[in-house]
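Q: Model the structure of this input:
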Amino acid sequence: MPAYKPMRLHLETERLRLRPWAGSDAGELRALHSERGHGTPTTEHTRALIARQLAATAATGIALLPIRRRDEGDFIGYCGLIVGRSTLEEPEIAYELLQRAHGRGYATEAARAVLDAAIATGRNRLWSTVGTWNTPSLRVLEKLGFERDHVDADDRGEFVWLTRLLP
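A: Predicted coordinates:
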């Protein structure tokens, strides 16, 4: 198995900062999860989720990172690399934004920074899985050069597998 460099954990773009999770992010992550429409997780559950994310980063060298707007300093979502439905060698890029941050190009900007960080690890390919209904996320991935591979389904419905070869 090839050895990959760890992903950079502090990323900046023109408008955004991505950095590792902190316990103080729990309230904001709870708010994001509550927007999914399945209730609001407890603070304890969210803190445990953050602890698992940090442990996964330490074990794998890849990370899901909270996104903050540079000027305002406010949390707007997360973006990063995960094993997800794929593998550590060919991880998935994942992102989710608060509804108030939709439609402003933040997902594309954050995902582009994560894509560059993934290239720097020495990987050859990334994946993403997106619900077939999620046209905005599919557009983000198309802007980043991802191509549709196939459609699959699970207990949450149909989703598209997309892939992107890395230089």
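Q: Tell me if P136 really is in a strand.
A: No. Using DSSP: H, G, I helix; E, B strand; the rest coil, the secondary structure at P136 is helix, not a strand.
Q: I'd like to know how many residues surround it.
A: Counted with other CB atoms under 10 Å, residues neighbouring P136 total 12. Every residue, glycine included, has its C-beta placed from N, CA and C.
Q: residues touching the residue nearest to P41 when sequence neighbours are not counted, list them.
A: Spatially, and ignoring its direct neighbours in sequence, P41 is nearest to H33 (5.3 Å; CB to CB, 6 or more residues apart in numbering). H33 is in contact with T40, P41, T46, counting by CB atoms under 8 Å, 6 or more residues apart in numbering.
Q: roughly how far apart are H33 and D25?
A: 12 Å (CB to CB, to the nearest Å).
Q: hmm, back to that, taking the contacts of H33, please make a PyMOL selection of just the buried ones.
A: Remark: buried members of these, expressed as a PyMOL selection using 16 or more other CB atoms under 10 Å:
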select buried, resi 41+46
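Q: Go through the contacts of H33 and say which is closest to R8.
A: Comparing those against R8 with CB to CB picks out T46 as the nearest, at 25.0 Å.
Q: Under a three-state scheme, what state does the closest one occupy?
A: Here T46 takes the helix state, with states given by three-state DSSP.
Q: got the contact list for the nearest residue to E92 once chain neighbours are set aside?
A: Spatial nearest neighbour of E92, excluding adjacent residues (CB to CB, 6+ apart): G84 at 3.8 Å. G84 is in contact with P91, E92, A94, W127, T129, counting by CB under 8 Å, 6+ apart.
Q: repeat for G61
A: Per CB under 8 Å, 6+ apart, neighbours of G61: Y4, K5, P6, M7, T121.
Q: for A51, same thing?
A: A51 neighbours (CB under 8 Å, 6+ apart): none.
Q: Tell me if it really is in a helix.
A: Yes. Counting by three-state DSSP, A51 is part of a helix.
Q: Kindly provide the distance from it to A22.
A: A51 is 11 Å from A22, by CB to CB.
Q: and what of S34?
A: S34 is 20 Å from A22, by CB to CB.
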